[in-house]
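Asks: Following is a predicted model, sequence given first.
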Amino acid sequence: MAIPEDLIDKIFSLSLTDKAELVDQLLCSIDNIGKDVEAKWTIEVESRLNAYIAGKLETVLLEDVIAKYKR
């Protein structure tokens, strides 16, 4: 199936955050991954949140991470 060019253009015009959300939704829509991955991410997110609240983890701006890997 070919993806319409106008859809691709719309996707490429999204912000980095919106692109990441789109990728997450697409991956979750795949039956083999869905619930298992979601459960693992829930555990990971809770772990990171608890570490942040405890002062053991700092936040990093998404733009800084992207810039680091574009170098």
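Replies: Received the coordinates, thanks.
Asks: residue ranges of the helices in this protein, please?
Replies: With helices called from DSSP state H, the chain shows them at 5-12, 16-28, 34-53, 62-70.
Asks: Would you mind pulling the contact partners of the longest one?
Replies: Contacting residues not belonging to helix 34-53 are listed as 27-28, 57-59 [CB atoms under 8 Å, 6 or more residues apart in numbering]. In short, each C-beta sits where N, CA and C put it, glycine included.
Asks: if we can go back for a sec, output the helices of the chain as CSV; include the columns mean neighbour count.
Replies: As requested, the helices of the chain are arranged in CSV below (neighbours: other CB atoms under 10 Å):
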stretch, mean neighbour count
helix 5-12, 9
helix 16-28, 12
helix 34-53, 11
helix 62-70, 9
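Asks: And stretch 26-45, end to end?
Replies: Taking CA to CA, to the nearest Å, stretch 26-45 runs 19 Å from one end to the other.
Asks: Work out the gap between it and the centre of the chain.
Replies: Mean-position distance between stretch 26-45 and its chain equals 12 Å (CA atoms, centre = their mean, to the nearest Å).
Asks: What's the mean pLDDT across that stretch?
Replies: Taken as a whole, stretch 26-45 has a mean pLDDT of 80.
Asks: how close does Glu5 sit to Thr59?
Replies: Look at Glu5 and Thr59: by CB to CB, to the nearest Å, they are 37 Å apart.
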